[in-house]
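Visitor: just a sequence and a predicted model for now, questions to come.
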Amino acid sequence: MESSDEEAVSSTTTASATAAVTYPIAPGYAVNVRSGPGTSYRIVRVLPEGSRVSIFCQRPGESVSGPYGTTSIWDNIANGEYISDAYVKTGSDGYVAPRCS
């Protein structure tokens, strides 16, 4: 039992360190997560209403209109997973994270 307690603490610490800043998804929206920065990319999952996301990097892509305006910025929220910044309350109309390489 001790080793699983240690693993749980280690996992929690790692998750906290990598996900220090999270941003809320627009209230009342479930958001499609896509494999690339545009609506033509396949949907890999759907974020439920009330979700918060970490943004690891951002890149330009297809222009999308949403509750937070029209933007061509796409947020990388996990490896190979992107959502339009038009659905994320970042407090900015510009980039809030490094550009994806």
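Guide: Structure's in. What do you need?
Visitor: distance of the residue nearest the centre of the chain relative to residue 84?
Guide: A centroid search over the chain (CA atoms, centre = their mean) returns residue 77, at 3.3 Å, as the residue closest to the centre. Applying CB to CB, to the nearest Å, the value for residue 77 to residue 84 is 11 Å. C-beta here means a position set from N, CA and C on the backbone, and glycine is covered the same way.
Visitor: what sits against the closest residue to residue 86 other than its chain neighbours?
Guide: Counting by CB to CB, 6 or more residues apart in numbering, residue 86 lies nearest to residue 66, which is 3.0 Å off, once chain neighbours are set aside. Residues near residue 66 by CB atoms under 8 Å, 6 or more residues apart in numbering: 26, 29, 84, 86-87.
Visitor: pLDDT at residue 66, what is it?
Guide: pLDDT recorded at residue 66 is 97.
Visitor: which strand residues bridge it?
Guide: Beta-bridge partners recorded for residue 66 (DSSP bridges): residue 69.
Visitor: distance of it relative to residue 79?
Guide: Taken as CB to CB, the span from residue 66 to residue 79 is 23 Å.
Visitor: for residue 39, same thing?
Guide: Going from residue 39 to residue 79 by CB to CB gives 20 Å.
Visitor: these two: who's more crowded?
Guide: Neighbours per residue (other CB atoms under 10 Å) separate residue 39 from residue 79, with residue 39 holding more: 12 against 6.
Visitor: ok, then the element right after the worst-scoring helix or strand of the chain on mean pLDDT?
Guide: Using mean pLDDT, DSSP states H and E, the weakest-scoring helix or strand in the chain turns out to be helix 2-18, at a mean of 45. Next helix or strand after helix 2-18 toward the C-terminus (DSSP states H and E): strand 23-24.
Visitor: averaged pLDDT, that next one. What do you get?
Guide: Across strand 23-24, pLDDT averages out at 98.
Visitor: just confirm residue 86 is within a helix.
Guide: Yes - using DSSP: H, G, I helix; E, B strand; the rest coil, the assignment for residue 86 is a helix.
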